[in-house]
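Asks: predicted coordinates and the sequence they were generated for:
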Amino acid sequence: MLWEPGLKLMNGSMQVCKRCIMDNVNDPDLVLDSDGVCNHCHNFEKAVAKLPSKERAQKEFEALTSRIKTDGKTKKYDCLIGVSGGVDSTYLAHVAMKAGLRTLLVHCDNGWNSELAVQNIKNICKYTGFDLYTLVLDWEEFKDIQLSFFKAHVVDLELPYDYALTVTMYKAALCCNGRNVSAKKLAAQQDGYSKYKRHSSPAWATKNGNFSALFIFKTKVFFRPKIKIC
């Protein structure tokens, strides 16, 4: 029997959202409404509904940049922006430049940089004139932690990198943070650290079992950064 999105299989073992096609096998927390639409799609709609109008957003942005500039008067930089070479952080750097913010770009090299990502970072540095600091993670330790995510069946394999980048910027007085609501809000809550913590064990981390250190916001974490300036 063929299944259709939004309907149960004949044996009742699987449900699939008819809108985003997420299923309850990959996400046990999936809940479908009477129309076959899942809770994650509804969470997305709620998040979009809370977004301000274009006019209000512009006013709030101008007020924020004004406060950032005031707070940064006695500092070399107004803010930090973590960049990966992807579209979101690149656009945020563009916005910061247009707003006249003195920005330090921070890149966390986890060993998986593509040539395109590296070139994009060079391009945005040249375009904005911003300084760049690259922090290089310990490859063997990061690889071991990422492997533990595979073994724990965590969908969001970028979570270790996201936390590592946050740790590198932890002592910053003020950071510009941007995210794509359309892309991020649909992600199942089950994909994150809570699932990793529940389903992983020291056995997953083959080197030293210290996988939880990644999520502790201290200056000494699982990596030993090496700072380079571009």
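Replies: Okay, I see it. Numbers count the residues shown, from 1 in each chain.
Asks: for this protein, give me the ranges with low pLDDT.
Replies: In the predicted model of the chain, residues 1-13, 170-230 satisfy pLDDT under 70.
Asks: settle this for me: Met38 is touching Asp23, isn't it.
Replies: Rather than Met, residue 38 is Cys. No. Under the criterion of C-beta atoms under 8 Å, Cys38 makes no contact with Asp23, lying 9.2 Å away. Using the backbone N, CA and C atoms, a C-beta is placed for each residue, glycine as well.
Asks: list residues touching both of these two?
Replies: Shared contacts of Cys38 and Asp23, defined by C-beta atoms under 8 Å, 6 or more residues apart in numbering, are found at 17, 30.
Asks: longest helix of this structure, counting residues only.
Replies: Taking DSSP state H as the criterion, the chain has its longest helix at helix 54-71.
Asks: mind listing what's buried in it?
Replies: For helix 54-71, a neighbour-count test (16 or more other C-beta atoms under 10 Å) marks 65, 68 as buried.
Asks: which secondary structure elements does the helix or strand harbouring Phe149 contact?
Replies: Using DSSP states H and E, Phe149 maps to helix 139-151. Counting contacts by 3 or more C-beta pairs under 8 Å, 6 or more residues apart in numbering; DSSP states H and E, helix 139-151 packs against helix 159-168.
Asks: in the helix it packs on, what's buried?
Replies: For helix 159-168, the buried set under the neighbour-count rule, 16+ other C-beta under 10 Å, comprises 159-161, 163-165, 167-168.
Asks: in this structure, which spans are helices?
Replies: According to DSSP H, the helices that the chain contains are 39-49, 54-71, 87-98, 115-128, 139-151, 159-168, 181-184, 193-199.
Asks: Ile58 and Asp138, how far apart?
Replies: Check again: residue 58 is Gln, not Ile. Using C-beta to C-beta, to the nearest Å, Gln58 is found at 43 Å from Asp138.
Asks: got the domain boundaries for the chain?
Replies: Domains of the chain are assigned by automatic domain parsing as 1-50, 54-229.
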